[in-house]
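Asks: kindly return the folded structure for what I paste below:
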Amino acid sequence: QLQLVESGGGLVQPGGSLRLSCAASGFTLDYYALVWFRQAPGVEHEAVSCISSSDKSEDYIDSVKGRFTISRDSANNTVYLQMNSLKPEDTARYSCAASPSCWGPEYDYWGRGTQVTVSS
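Replies: Reported below is the predicted structural model:
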């Protein structure tokens, strides 16, 4: 079965950290760029970070630069999103998507997401 599965979400206090995982099955994730998205209630779906398939270059939206880090684990066919210094405005459902190139516009595979809640 070809799929992406996210995990690692949860409830964390402001300033805390979480590491999200996006695990692929049925295909090799290294052949794709991987984008992390997030969506909060009443807010437009937002692409947060991308890691390329070729040179593993990373890109981030300004609001998460310096706090989030995206990385690949080829042995485990997984991409991670390390999130530090979390803020309440980071609260959202985070999902991952595989694309031929960073930021799409076409996405071949989508995960169902994992909820991140930042609250005291």
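Asks: which helix or which strand is home to the closest residue in space to residue 104 that isn't next to it in sequence?
Replies: Nearest residue to residue 104 in three dimensions, chain neighbours excluded: residue 35, at 6.9 Å (C-beta to C-beta, 6 or more residues apart in numbering). For the C-beta atoms, the positions are set from N, CA and C on the backbone; glycine is no exception. Per DSSP states H and E: residue 35 is located in strand 33-39.
Asks: which residues touch that strand?
Replies: Strand 33-39 is contacted from outside by 20, 22, 45-53, 70, 72, 79, 81, 90, 92-104, 107, 116, using C-beta atoms under 8 Å, 6 or more residues apart in numbering.
Asks: can you flag which of those belong to strands?
Replies: 20, 22, 46-51, 70, 72, 79, 81, 92-99, 116 (DSSP state E).
Asks: could you identify the buried members of these?
Replies: 20, 22, 47-51, 70, 72, 79, 81, 92-99, 116 (16 or more other C-beta atoms under 10 Å).
Asks: I'd like the average pLDDT over the strand holding residue 35.
Replies: Average pLDDT, strand 33-39: 97.
Asks: may I have the strands that pair with that strand, each with its orientation?
Replies: Here strand 33-39 is paired, per DSSP bridges, with strand 46-51 (antiparallel), strand 92-99 (antiparallel).
Asks: list the buried residues for that strand?
Replies: Those would be 33-38, for strand 33-39 by 16+ other C-beta under 10 Å.
Asks: same thing with stretch 106-120?
Replies: Neighbour counts over stretch 106-120 (16+ other C-beta under 10 Å) mark 107, 109, 111, 113-114, 116, 118 as buried.
Asks: do stretch 78-85 as well
Replies: For stretch 78-85, the neighbour count (16+ other C-beta under 10 Å) marks 78-81, 83 as buried.
Asks: next one: stretch 63-78
Replies: 64, 68-70, 72, 77-78.
Asks: and it, end to end?
Replies: 24 Å (C-alpha to C-alpha, to the nearest Å).
Asks: now stretch 13-20
Replies: Taking C-alpha to C-alpha, stretch 13-20 runs 16 Å from one end to the other.
Asks: got the buried residues for that stretch?
Replies: Residues of stretch 13-20 classed as buried by neighbour count (16+ other C-beta under 10 Å): 18, 20.
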